[in-house]
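Asker: My questions concern the predicted model and sequence given below.
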Amino acid sequence: MQQTLKQSVTFNGQGLHSGKPVRMVVRPAAAEFGIWFKRTDVSDGDAMVPALWNSAVHTPLCTRLVNEDDVSVSTVEHVMAALSGCGITNALIELNGPEVPILDGSALPFVRAFLACGVMEQDAPLRAVKVVKPVEVRVGDSVARLTPNDHLEMRFEIDFADRAIGQQSKEMSLANGAFVHHLCDSRTFCRQSDVHSMQAQGLALGGTMENAIVVDGDQVLSPGGLRHDDEPVRHKMLDALGDLALAGVPIIGLYYGHKAGHTLTNKLLQALMSDPTNFQIVECDATQAASLPGAGVSRADLAPYL
């Protein structure tokens, strides 16, 4: 069945790229509502922005959604991953600025708040996109692919020159709360050599050593080091789940990413949706519902993070 929050939760922070303070409230929503963002600071034009693949514009460092009135919301991938990983299918996300707060650079603060307030089942069937034909997109040596599978599974490979990251790969089923248990606390990352160039372009203005992993060669500069030896590839998987959530419903299939990012994953969704023979919209039976990322997660799953 579809699910929403039991009550509203509020987050205060700053945008990773804008550096501006923002207040965000995630509110319960009725069945069949889906996920929508609402810019409460916008009075001239439509303030509602749908969390859907065909509202995304291609930006290399975050996922940005734009409506027909050119009202936008940026850096939505972490909160979208948290909603998907907690099994929340209906929510209204209000924010008083153009960017979701970065908080600690992972999805953990969102997951912690969602599961602490509780998730409730709604009287409406849960639907999913079931991949029935392989779909692949490539840009240079970067690859993103979806293939048929009986649940959502993910395989990801990254390769960075800095030895603190290097080559990493990971694969896992995202059933049985795997996102909450293994991915949600992994933070965004960048190279020290890129920080100044990003800031010169007006990006990463809100980035700090506390909300991003910063590496330089074989050194991790952020205090406390890594939360996991393979935290960077785990974060790329977190991002991919958030970007795949823009399908509007959960995806049942195997996602493979090689040096993939936000743009490539969105291009993959565009390719998937461009041909109706690539997928089926299914009403999830009990077995399918139990295999989805947010199935069965509860406040008890927060124990390792308390």
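Answerer: Yep, that arrived.
Asker: where along the stretch 51-200 of the chain do the helices fall?
Answerer: Ranges of helices within the stretch 51-200 of the chain are 77-85, 108-117, 178, 192-200, based on DSSP state H, counting those that start in this stretch.
Asker: Output the ones you listed as TSV; include the columns distance to Arg27.
Answerer: In this view, the C-beta of every residue, glycine as well, is placed from N, C-alpha and C. Formatted as TSV, the helices of the stretch 51-200 of the chain follow (distance: least, CB to CB, whole Å):
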stretch	distance to Arg27
helix 77-85	12
helix 108-117	11
helix 178	27
helix 192-200	33
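Asker: How is the chain partitioned into domains?
Answerer: 3-121, 127-305 (automatic domain parsing).
Asker: Tabulate the ones you listed in a markdown table, adding columns for mean neighbour count.
Answerer: Below are the domains of the chain laid out as a markdown table (neighbours: other CB atoms under 10 Å):
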| stretch | mean neighbour count |
| --- | --- |
| domain 3-121 | 20 |
| domain 127-305 | 18 |
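Asker: Is it possible to get CSV of those that adds mean pLDDT?
Answerer: Shown next, in CSV, are the domains of the chain (pLDDT from 0 to 100):
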stretch, mean pLDDT
domain 3-121, 95
domain 127-305, 92
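Asker: From one end of stretch 214-221 to the other, what's the distance?
Answerer: 5 Å (CA to CA, to the nearest Å).
Asker: Now do that stretch: distance to the chain's middle.
Answerer: Put simply, stretch 214-221 sits 25 Å off its chain's centre (CA atoms, centre = their mean, to the nearest Å).
Asker: Then stretch 151-169?
Answerer: 17 Å.
Asker: May I have it as PDB, with CA atoms only?
Answerer: Only the C-alpha atoms of stretch 151-169 are listed here, as PDB (Å, rounded to 0.1, in the frame of the first residue of the first chain):
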ATOM      1  CA  HIS A 151      13.500  -6.500  -7.100                       C
ATOM      2  CA  LEU A 152      15.500  -3.300  -7.000                       C
ATOM      3  CA  GLU A 153      19.200  -4.100  -7.100                       C
ATOM      4  CA  MET A 154      22.100  -1.800  -7.700                       C
ATOM      5  CA  ARG A 155      25.700  -2.100  -8.900                       C
ATOM      6  CA  PHE A 156      28.000   0.900  -9.100                       C
ATOM      7  CA  GLU A 157      31.600   1.500 -10.000                       C
ATOM      8  CA  ILE A 158      33.700   4.700  -9.600                       C
ATOM      9  CA  ASP A 159      37.200   5.600 -10.500                       C
ATOM     10  CA  PHE A 160      39.000   8.700  -9.200                       C
ATOM     11  CA  ALA A 161      42.600   9.700  -9.500                       C
ATOM     12  CA  ASP A 162      42.800  10.600  -5.800                       C
ATOM     13  CA  ARG A 163      44.000   7.600  -4.000                       C
ATOM     14  CA  ALA A 164      41.800   8.400  -1.000                       C
ATOM     15  CA  ILE A 165      38.900   7.300  -3.300                       C
ATOM     16  CA  GLY A 166      40.500   5.400  -6.200                       C
ATOM     17  CA  GLN A 167      38.600   2.600  -7.800                       C
ATOM     18  CA  GLN A 168      35.500   1.400  -5.800                       C
ATOM     19  CA  SER A 169      32.700  -0.900  -6.600                       C
END
